[in-house]
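**Q** Sequence and predicted structure are below.
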Amino acid sequence: MSAPPVLDDAVMQAQFLLNSESPEDAAAAILPMVDGDAAEAKAAVGNAQAFNRAAGRQQEAQAEREQKSEPAQQATNGRSIQTISAADIAPKPVRWLWDGRIPRGMLSALAGEEGLGKSQASIALAAQVTRGELDGGLIGRPASVLIAATEDAVAEVIVPRLIAAKADLKRVAFVTVKVKEHEGSLKLPDDAGELGRRAANKGAALVIIDPLSEYLDKGVDSHKDSAVRGALGPLADAAQRHDFAVLSIMHTNKGNSTKTRKALMGSVAFRSAARSVLVFGTDPDDPEGAKGPNRVLALDKHNLGTWRRSLRMKIVSHEFVNAEGERVETSYAALGEKCAHSAEDVLAAGDPGDTGPAPKAAEARTFLAARLPMAAAEVQHAAEAAGISPRTLERVKADMGVVSERDGFRGGWVWRLPEQGADL
């Protein structure tokens, strides 16, 4: 005899036994389907309709058990695995606040040593956002900025810097938290959701948190990866939901490493959570080192698009007279031209106590200025002999605008300075 195919293992086993030479074994296999009714099991052995009834009853019982067990499992831990087909997800371009450097809807970090002006760099960017002048998706469309800052006094330091940077002050708001009748400070992750809603209400395109470490809840161990990821996750979700960029200011350890992942204070999860990491510090070409006004803003981590070259910045003194007729002295960070220095160069340029430029970069500049024009192969060989790495040589070559062209007579490549003629 034959029976329709079924999915349940026990039913499949009974179906197999029905086709065997042992009706007693078949009846024993069918017993669980008929709740132990021996007479019904025996009847099913020799009757296809009876077997189908028993099999159907078994399947119904199995389905009922699954319906009861699945909600119980979800209720226990509140988790259930789901899948989404890639075909159901519409591709979208990255939305940039600052083209190629700071994405909207994501976390970015601005890292550097204390005392060099990274907070001023963030204010310079904020000022451009309020004027609609930051090169990105909002160019020509002024937007608001929220600032959460603990290390600098608002009236005496931050607002004067905003004025010096020509920010639209009506588009800048400071974040505080009211705890009962007292004023407190933002705490992450608890306040991330409310921060997102406030940013949306203000039409903010940028939220600056300066420094990020000061706004982590006391229960968050900043040296544990899992704790940091858990604290920053809700902030990332809020940024994505309300489409604003988060620029978190972070400190690096003085002289600890030229690798940002090691130089950043706290867990490496801070760097991992950020989709873009910028490094701000001393310009390796400034002969005054950290005591001079020149700085470099370099891209350290970025996997969202085309890499962007570093930019020079300069700390410029500024003063104005306030409404009470008092003279206010301040400064601002001015964006400058592109340069070839990497984040590693900036970190290697020294801490605020270091007054000299990065040795190898300065050495390479002097080396090229003294030797060019020269055949490229000879330059590279001489640089290696002088202890200048190919990577440093290439960066300084680009920074100086060195021209590489083929010598029509000799057939090889020749390097020359931009102001030099083409002939050797």
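**A** That came in fine, so what should we check first?
**Q** was I right about residue 190 contacting residue 218?
**A** No - the criterion here is Cβ atoms under 8 Å, and residue 190 misses it with residue 218 at 11.1 Å. C-beta: built from backbone N, CA, C; applies to glycine.
**Q** between the two, which one's more packed in?
**A** Between residue 190 and residue 218, residue 190 has the larger neighbour count (other Cβ atoms under 10 Å), namely 14 against 6.
**Q** For the residue lying closest to that one once chain neighbours are set aside, list the residues it contacts.
**A** Spatial nearest neighbour of residue 190, chain neighbours left out: residue 217 (6.3 Å); criterion: Cβ to Cβ, 6 or more residues apart in numbering. Under the criterion of Cβ atoms under 8 Å, 6 or more residues apart in numbering, the contact list for residue 217 reads 187, 188, 189, 190, 231.
**Q** How about residue 83?
**A** Counting by Cβ under 8 Å, 6+ apart, residue 83 has no contacts.
**Q** Next, it: secondary structure please.
**A** Under DSSP: H, G, I helix; E, B strand; the rest coil, residue 83 falls in the coil class.
**Q** What pLDDT is listed against it?
**A** pLDDT, residue 83: 93.
**Q** What strand or helix carries the nearest residue to residue 210 once chain neighbours are set aside?
**A** Ranked by Cβ to Cβ, 6+ apart and with sequence neighbours excluded, the top spatial neighbour of residue 210 is residue 249, at 4.0 Å. Element membership of residue 249 [criterion: DSSP states H and E] is strand 245-251.
**Q** ok, so of the contacts of residue 217, who is nearest residue 331?
**A** Nearest to residue 331 out of these is residue 188 (Cβ to Cβ; 29.6 Å).
**Q** How many residues are close by the closest one?
**A** 21.
**Q** Likewise for residue 286?
**A** Neighbours of residue 286 (other Cβ under 10 Å): 22.
**Q** ok, now residue 309?
**A** 15.
**Q** Same check on residue 180?
**A** 5.
**Q** now the strands for the stretch 1-150 of the chain?
**A** Under the criterion DSSP state E, counting those that start in this stretch, the stretch 1-150 of the chain contains strands at 96-98, 102-103, 107-112, 144-149.
**Q** now these as a markdown table including mean neighbour count?
**A** Putting the strands of the stretch 1-150 of the chain into a markdown table (neighbours: other Cβ atoms under 10 Å) gives the following:
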| stretch | mean neighbour count |
| --- | --- |
| strand 96-98 | 24 |
| strand 102-103 | 25 |
| strand 107-112 | 26 |
| strand 144-149 | 23 |
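**Q** nearest to residue 212, of those strands?
**A** strand 107-112 (7.5 Å).
**Q** The closest one pairs with which strands, parallel or anti?
**A** strand 245-251 (parallel), strand 276-282 (parallel) (DSSP bridges).
**Q** For those strands, give me a markdown table that also has mean pLDDT and mean neighbour count.
**A** As requested, the strands paired with strand 107-112 are exported to a markdown table (pLDDT from 0 to 100; neighbours: other Cβ atoms under 10 Å):
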| stretch | mean pLDDT | mean neighbour count |
| --- | --- | --- |
| strand 245-251 | 94 | 26 |
| strand 276-282 | 93 | 28 |
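**Q** Turn those into TSV, including distance to residue 208.
**A** Formatted as TSV, the strands paired with strand 107-112 follow (distance: least, Cβ to Cβ, whole Å):
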stretch	distance to residue 208
strand 245-251	5
strand 276-282	13
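**Q** Can you tell me which of those strands is nearest to residue 118?
**A** strand 276-282 (4.2 Å).
**Q** and for that closest one, what are the contacting residues?
**A** Under Cβ under 8 Å, 6+ apart, the answer for strand 276-282 is 101-103, 106, 108-113, 116-118, 121, 252, 260, 271, 289-290, 292, 294-302, 304, 313, 343, 346-347, 349-350, 354, 357.
**Q** Among these, which ones are in helices?
**A** 118, 121, 260, 271, 343, 346, 347 (DSSP state H).
**Q** nearest residue to residue 106 other than its sequence neighbours?
**A** In space, residue 106 is closest to residue 275, 4.3 Å off (Cβ to Cβ, 6+ apart).
**Q** Near the one you found, how many residues? Count them for me, please.
**A** When neighbours are counted by other Cβ under 10 Å, residue 275 comes out with 21.
**Q** Now it. Its backbone dihedrals?
**A** phi -80, psi -20 (degrees, to the nearest 10).
**Q** ok, now residue 207?
**A** phi -120, psi 120.
**Q** Mind listing the residues bridging to it?
**A** residue 146, residue 246.
**Q** could we number from 550 for the rest of this?
**A** That works, and once the first residue is 550, the last one we named lands at residue 756.
**Q** Low-confidence ranges, the stretch 550-699 of the chain, go.
**A** 550-591, 593-597, 614-626 (pLDDT under 70).
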